[in-house]
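[1] quick one, structure for this:
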Amino acid sequence: MPLPTPTLVTTRLRLRPFADSDADELFALQSDADVLRYWDSPPWTERSRADQFIARCREMAEEGSGARVAIERDSVFLGWCTLNSWNPEFRSASLGYCLGKPAWGQGYATEAAGALLGWAFDTLDLNRVQAEADTRNAASGRVLEKLGFRLEGTLREDCIVNGDVSDSWVFGLLRREWQPGGHS
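    Model prediction:
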């Protein structure tokens, strides 16, 4: 069953469905080795990956498996946020986000992810949302904690990217722990 990608507005941000016109900025983001240094896959080297990513966003909406939104402030592309792997039977999903360096340290990831989580808890009847972060990425861990996620464990050596072995934290957020607008 389709799940239309929402457009959400926060105090400073607009979250919206991806457009074909986002491809160049998306490629710039996903090909930045600094941005992806804790990612579970290497930076993109081919511009066609951006078109594939945007097509996959539309497929997610059509098949009803989640929602991926572009994040912008004053019409400037900052990055993206996703709620994917929606499982209606288990009432669960996964959260992810990626923002460019100019957006780091300003609370945009927390604001955007909080808006998407609010939509998801209201729309999808979720009970649990999971998120993972490389254990070296303390900033991402702080974002998740601000949103109310709890650290549930560590997946030891679960990723190898460009020859680097890394561990991942697993965070979980339950419906009863979610406090819309109550993030600090």
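
[2] any idea how far Thr82 lies from Val165?
    Remark: distance between Thr82 and Val165 (Cβ to Cβ, to the nearest Å) = 25 Å. C-betas here are computed from N, CA, C, even on glycine.

[3] have a look at these two and say which one is more surrounded.
    More neighbours surround Thr82 than the other of Thr82 and Val165, with 19 against 10 (other Cβ atoms under 10 Å).

[4] distance from the chain centre to the helix or strand where that one lies, please.
    Using DSSP states H and E, Thr82 falls within strand 76-87. Put simply, strand 76-87 sits 4 Å off its chain's centre (Cα atoms, centre = their mean, to the nearest Å).

[5] do stretch 142-151 as well
    13 Å.

[6] list the buried residues of that stretch.
    Across stretch 142-151, burial judged by 16 or more other Cβ atoms under 10 Å covers 143-144, 146-149.

[7] from the residues you listed, which is closest to Gly105?
    Here the nearest of those to Gly105, counting by Cβ to Cβ, is Val143; it sits at 10.7 Å.

[8] if we can go back for a sec, just flag the most distant two among the buried residues of stretch 142-151.
    The span of the buried residues of stretch 142-151, defined through Cβ to Cβ, is set by Val143 and Gly148 at 11.0 Å.

[9] might you list the low-confidence residue ranges for this protein?
    181-184 (pLDDT under 70).

[10] redo that, cut-off 80
    Scanning the chain for pLDDT under 80 picks out 161-162, 180-184.

[11] surely Asn84 is in contact with Ser65?
    Yes. Asn84 lies in contact with Ser65 (Cβ atoms under 8 Å); the separation is 6.4 Å.

[12] helices along this structure, start to end?
    Remark: helices assigned in the chain by DSSP state H are 23-30, 48-63, 108-124, 138-146.
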